[in-house]
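Q: Here is my input; please provide its structure:
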Amino acid sequence: MNQRATRRSFLKVTSLGITASIASSAFAAEQTAKKPNIVVIFLDDSGFADFSPFGNPSYPTPNVQKLAAEGCRFTNFHVPQAICSASRGALLTGCYPERTKLFSAHGPRARGMDPKWPTIAQILKPQGYKSAIFGKWHIGDQPETRPPARGFDESCGLMYSNDMWRFHPGTRHFDGWPLQFWENGKITIEDVAPEHQKNLTKWYTEHAVDFIKRHKESPFFLYVPHSMPHVPLFVSKEFEGKSGEGLYADVMMEIDWSVGQIMKTLKDSGLQENTLVVFTSDNGPWVSYGDHAGKTPYREAKATSFDGGTRSACIMRMPGMIKAGSSCDQLFCSIDLMPTFAALAGAKTPQSPFDGQNVIDIITAKKDVKNPHQYYAFTTGGHFDGIFSGDGHWKLHVPHGYRTLKTPGKDGLPGKYKKMKIDFALFDMGKDPFETTNVIEKYPEVAGKLKRIAEEHRRSFFASNAAKP
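A: Numbering: from 1, shown residues only. Just a heads-up that it's a prediction; the model follows:
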């Protein structure tokens, strides 16, 4: 081959290589662009029936209704423990509280979640995701357990519940622990006062809107765990008295407004077709607070393992993946969101143990889909209370104590509970979702199987207090 031919051949090969490289880069960019954004709006102590179309509240919730009309209502979505920190830890790590040992609601300055359990934000980061949390954190208040150390690029909000402050009625144990407002790893309000609480929902929303606008070109995970409607209740001046139905209704209308603002920003930014939006709550209502608490049709409420505590209204929206205007009554749990999000993003699940499973087939209503779990476990604090069968048909309570409302409070003051106990109890949740009739004698084989599964779970996680069924 002469020199001219050799040069032509070299140029041709080089040109093809450059073209292939450009095509490869373009493909990689296209693949990154196609990765879905994920937005999780996580309320605090909201009741199952607080929003239409799950309930029929006396106040309007048009933005949540619109979200449901454009997505799917999941009516059998649960959290594994109906208490603040435990519920948040389970959502973010895909682990049962008994695995991470993050139980109940930890107090000010607590270390919280051990960093060995990675969060959704950390799992998505290698896939190019930017992550933000604007709202209530409550899974760790030490340098190594706050949002900046747990995979979140941006953050603002409270490190724990908004009632853990010096103004809480009837208690003094939060004196000396000022409630601080943090932003990107720095304290911006040293001692949160009532005038600050009035703006929490607004501030979280403004940060979320700004974050979406600035991250149109790269995939993101946006987590908005509102402080409301956890007591004490506050609303901005724009929503004071707006409902005409009291403060709780005003709070819910402002949260509905917040949903509308986030959805509008996604639409205006051209992102709503490629964004999975999840709207739900950490647990059921704190009924002790009476007119400052939400509503649930199910048995009991927050801080119990009955469905009034663990079952939360849930909506998911993503065009082309989730059928608009649909409804699903199939059981699944918040621990399933981490592995599901990881699968959608093409991310690797952690090497450390976790308990959730990918339930995208349930979310997308795949024909004849079955829940991949044999069972789900439920706890209250550090106590094991029982299990659901994976198909959601049966629920077994093992012997445990629980609280039930005796006298509701009013106008921000708590009421009184009384202590109750339940023995082994089996409920047919298909026929009796309100857990009214114990059918353990009627179905001894079902009860025996679930007792064996429950005992195995107890031995695995609560060996020191294992009890024979």
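Q: right, and Gly170 touches Lys416 too?
A: No - if you go by C-beta atoms under 8 Å, Gly170 and Lys416 don't touch, sitting 11.4 Å apart. From N, CA and C alone the C-beta is placed, and that goes for glycine too.
Q: If you count surrounding residues, which of these two has more?
A: Lys416 (11 against 7; other C-beta atoms under 10 Å).
Q: ok, that one - contacts?
A: Applying C-beta atoms under 8 Å, 6 or more residues apart in numbering to Lys416 gives the contacts Ser288, Leu405, Lys406, Thr407.
Q: one more time with 7 Å
A: Lys406, Thr407 (C-beta atoms under 7 Å, 6 or more residues apart in numbering).
Q: the strands in the stretch 101-250 of the chain, which residues?
A: 130-134, 154-158, 181-183, 186-189, 220-225 (DSSP state E, counting those that start in this stretch).
Q: To Arg458, which of those lies closest?
A: Arg458 lies closest, by C-beta to C-beta, to one member of those: strand 220-225, at 30.1 Å.
Q: got the angle for the closest one vs strand 154-158?
A: Inter-element angle recorded for strand 220-225 and strand 154-158: 0 degrees (by axes from the mean of the first three to the mean of the last three C-alpha atoms, to 10 degrees).
Q: Just the angle for strand 220-225 relative to strand 130-134, thanks.
A: Using the same axes, to 10 degrees: strand 220-225 against strand 130-134 is 10 degrees.
Q: the helices in this protein, which residues?
A: Counting by DSSP state H, one finds helices in the chain at the ranges 3-34, 62-70, 84-93, 97-100, 120-124, 194-197, 200-214, 247-268, 307-310, 337-345, 360-363, 444-461.
Q: Let me have the strands of the stretch 101-250 of the chain in JSON lines, adding distance to Asp329 and mean pLDDT as columns.
A: Shown next, in JSON lines, are the strands of the stretch 101-250 of the chain (distance: least, C-beta to C-beta, whole Å; pLDDT from 0 to 100):
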{"stretch": "strand 130-134", "distance to Asp329": "30", "mean pLDDT": "98"}
{"stretch": "strand 154-158", "distance to Asp329": "33", "mean pLDDT": "98"}
{"stretch": "strand 181-183", "distance to Asp329": "39", "mean pLDDT": "98"}
{"stretch": "strand 186-189", "distance to Asp329": "43", "mean pLDDT": "98"}
{"stretch": "strand 220-225", "distance to Asp329": "26", "mean pLDDT": "99"}
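Q: now the ones you listed in TSV, with distance to Met253?
A: As requested, the strands of the stretch 101-250 of the chain are exported to TSV (distance: least, C-beta to C-beta, whole Å):
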stretch	distance to Met253
strand 130-134	20
strand 154-158	21
strand 181-183	23
strand 186-189	25
strand 220-225	17
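Q: quick one: which of those strands is nearest Cys314?
A: strand 220-225 (14.5 Å).
Q: Out of the strands of the stretch 101-250 of the chain, which gets nearest to Met338?
A: Per C-beta to C-beta, nearest to Met338 of the strands of the stretch 101-250 of the chain: strand 220-225, 10.9 Å.
Q: What pairs with the closest one, parallel or antiparallel?
A: strand 37-43 (parallel), strand 130-134 (parallel) (DSSP bridges).
Q: what about that strand, distance to the chain center?
A: 10 Å (C-alpha atoms, centre = their mean, to the nearest Å).
Q: What of stretch 396-416?
A: In terms of C-alpha atoms, centre = their mean, the centre of stretch 396-416 is found 23 Å from the chain centre.
Q: how about that stretch: buried residues?
A: Leu396, His397, Val398, His400, Tyr402, Arg403, Leu405, Pro408, Gly409, Gly412, Pro414 (16 or more other C-beta atoms under 10 Å).
Q: Sitting in strands, which of those residues do you find?
A: Leu396, His397, His400, Tyr402, Arg403, Leu405 (DSSP state E).
Q: can you tell me how far the fifth one sits from Ile422?
A: Relative to Ile422, Arg403 is positioned 12 Å away (criterion: C-beta to C-beta, to the nearest Å).
Q: can you check the fourth one too?
A: In this structure, Tyr402 and Ile422 are separated by 7 Å, where distance is defined by C-beta to C-beta.
Q: Overlap of the contact sets of those two?
A: If you check Tyr402 and Ile422 against C-beta under 7 Å, 6+ apart, no residue is contacted by both.
Q: about what we covered before: out of the strands paired with strand 220-225, flag the one nearest His207.
A: strand 130-134 (4.1 Å).
Q: Residues in contact with the closest one: which ones?
A: In this structure, residues lying in contact with strand 130-134 by C-beta under 7 Å, 6+ apart are 121, 124, 147, 151-157, 204, 207-208, 211, 215, 218, 220-225.
Q: Generate a ChimeraX selection restricted to the buried entries among the residues you listed.
A: Applying 16+ other C-beta under 10 Å to the contacts of strand 130-134, the buried members can be selected in ChimeraX as follows:
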select :121,124,147,151,152,153,154,155,156,157,204,207,208,211,215,220,221,222,223,224,225
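Q: now, which of the buried residues of stretch 396-416 sits nearest Val231?
A: Nearest to Val231 among these is Gly412, at 6.4 Å by C-beta to C-beta.
Q: Might one say that that closest one is in contact with Gly246?
A: No - between Gly412 and Gly246 there is no contact under C-beta atoms under 7 Å: 11.3 Å.
Q: Local confidence estimate at the closest residue to Gly309 other than its chain neighbours?
A: Among residues not flanking Gly309 along the chain, Ala82 sits closest, at 3.3 Å (C-beta to C-beta, 6 or more residues apart in numbering). Confidence at Ala82, expressed as pLDDT, is 98.
Q: can you check His373 too?
A: What the model reports for His373 is a pLDDT of 98.
Q: burial of it, as a residue count?
A: His373: 21 surrounding residues under other C-beta under 10 Å.
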